[in-house]
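Chemist: Mind looking at a prediction? Sequence and model below.
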Amino acid sequence: SGSVRVGLRVAEHAQFSRKDADLIYQANITLFEALLGFSMNITHLDNHTVEVQHDAVSSPGFSKVIINEGMPVIQGGGTYGDLIVMFDIEFPKRLDEEEKALLSSVLDEEELQKIEQMILKRSISENLGKLKKPVGHTLKARSGVESFSMVNMVDLSLRIPFHGALLEWSIFASQPGAIALQVWRPAPAEGDFPEHSYSLIGETLLEPEAPGLTKIQLRKQHIIICEEGDYLGWRVEADSLLPYDSLDDGLVRITKSPIRAADLGRTEHFPFSIARSYSLQAKVVSVALLFDERDCGGERVEILDDSVDFCSLRFLTGENVNDRVQSVLLPPGLRVQFFMECGATDKVDGPDIDNRASPSSECKNLPGRLSHIKLIRS
C-alpha cells in the first residue's frame, strides 16, 4: 500500500516571527520612551510574561536580545533559542509645550532643537510621500466582468485625503470603449437627503482604444478641484470596460438601474453596495484655497501654482481678490509664503504659513490684500 504524506504549514503570528530557533518580536515605543528609557511586558506564545527593560537612549532600528526565550532547538538537549525584540519608534507629528518641558528635563536646548527639526523633517517626508501617492487601486488585469449597466458607482475606499486638484486619470481597461470617470461629494446633511447620497462635482470622459493601461492628463480648464472627503466614481453604460476583483478592499455603492447620466451638481442616492476593487486611479495634487471671509468661508479661489497675480484677479462677483481675501485653507504637505505689495518683489512681507508637517488641512486667517504667493512642497 502507498504512504500518506502530511505537510504542515506554520500560520503567521501578528507579532512573532521565527528564524531557526530564534523568535523575533516587533514592539513599538514612543519617542519619549526611546529618549528616557522604558519597561514593558511581552506575553509569550505560551502566555508567560517576559519583562524587557532599557534605561539608555534607543536609536531607530534598536533591538534587544533575551537569552533562552526563543523556540526549542531541535535535538538541542533542551536548549532554546533567543527572543529578539525589534523596536520601532513612533514619532509624534509635533511637540506640544508639555512634551517640550518633559524633554527639556533631560536634554539641553540644542538637543531639543535637533529633536524638533528631526520630527519636522520626518513629518514633511511622510506627507510628501502621501501627496505623491495616487488615489486608487492597483492598475492590473482583473477577472471580474461587469454585470451592471446604466448606473453610477462610487468607491468609498477611494477617498481623496486632502484639498487638491485632480490632474490625471488612469485605468486598466478590459476592452476598447468609453467611460465617464467621476468625483462625488457627500450630500450636505441639511439637505434632507437619504443616507449614501452624493453630488457629482467633476467628470471626465475617457475613451481607451485598446485593452490595457490608459491615462488621460486633464487640460487646465478641465482640472477637477476636490475637497477632502470626496470620492472617486464612474458611470457604467451597457458595455463596461473596468475589470474588477471580488472580496478585495473595495467598498462600492451603486445607484438604481437604469438611471440617466447625472449633470454636474446633481445629487444621487446610492442605496446598494458591493465588495469589489476596480482598476482605477487618479492623481491629485495639493492646492491652496483662498476665501473672502474669515475662517475659510465665503467665495474661494483655488491656487494651482505660483503664477497667479491677485492684483488683477477677480472673484465671481467681479470684486478684486486682493481687497477681499481674509483666510486660506492649506492642505497637508504645503507651505505658502504671502506677498502683500502689488508689483514684482522677492520680499516676503506677508504671512509664512507652514503646513508641511501636519496630517490634515488647516485654516488660517490673513491680514488681507495679496499680491502673489509662493508654494513650497519640500
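Modeler: Okay, I see it.

Chemist: how about the helices of the stretch 101-250 of the chain, start to end?
Modeler: In the stretch 101-250 of the chain, the helices defined using DSSP state H, counting those that start in this stretch lie at 109-132.

Chemist: give me the low-pLDDT residue ranges for it?
Modeler: Scanning the stretch 101-250 of the chain for pLDDT under 70 picks out 247-250.

Chemist: how close does the closest residue to Q217 other than its chain neighbours get to E341?
Modeler: Using C-beta to C-beta, 6 or more residues apart in numbering and skipping residues adjacent in sequence, the residue nearest Q217 is E168, 4.9 Å away. Using the backbone N, CA and C atoms, a C-beta is placed for each residue, glycine as well. Applying C-beta to C-beta, to the nearest Å, the value for E168 to E341 is 36 Å.

Chemist: Ok, Q53 next?
Modeler: Applying C-beta to C-beta to Q53 and E341 gives a distance of 60 Å.

Chemist: same thing with S327?
Modeler: The gap separating S327 from E341 is 20 Å, by C-beta to C-beta.

Chemist: who has more neighbours, those two?
Modeler: Ranked by neighbour count (other C-beta atoms under 10 Å), S327 and E341 place S327 first, with 20 against 14.

Chemist: my guess is the more buried one contacts C363, does it?
Modeler: Yes - at 6.0 Å, S327 and C363 qualify as touching, with contact defined as C-beta atoms under 8 Å.

Chemist: where do the contact lists of those two overlap?
Modeler: Residues within reach of S327 and of C363 at once, by C-beta atoms under 8 Å, 6 or more residues apart in numbering, are 295-296.

Chemist: Next, count neighbours for A189.
Modeler: 7.

Chemist: Now do it against D230, distance only.
Modeler: For A189 relative to D230 (C-beta to C-beta), the value is 16 Å.

Chemist: With P243 instead?
Modeler: 24 Å.

Chemist: same thing with A180?
Modeler: Taking C-beta to C-beta as the measure, A180 falls 16 Å from D230.

Chemist: more neighbours, the two?
Modeler: D230 (27 against 17).

Chemist: and the residue nearest to that one when sequence neighbours are not counted, what is it in contact with?
Modeler: Nearest residue to D230, sequence neighbours excluded (C-beta to C-beta, 6+ apart): I160, at 4.5 Å. Contact partners of I160, counting by C-beta under 8 Å, 6+ apart, are 135, 166, 183, 226-232, 282, 284.

Chemist: Now with 7 Å, please.
Modeler: Shown in contact with I160 (C-beta atoms under 7 Å, 6 or more residues apart in numbering): 135, 226, 228, 230, 284.

Chemist: Show me which pair in those residues is furthest apart.
Modeler: V135 and E228 (11.7 Å; C-beta to C-beta).

Chemist: Who has more neighbours out of the two?
Modeler: V135 (22 against 15).
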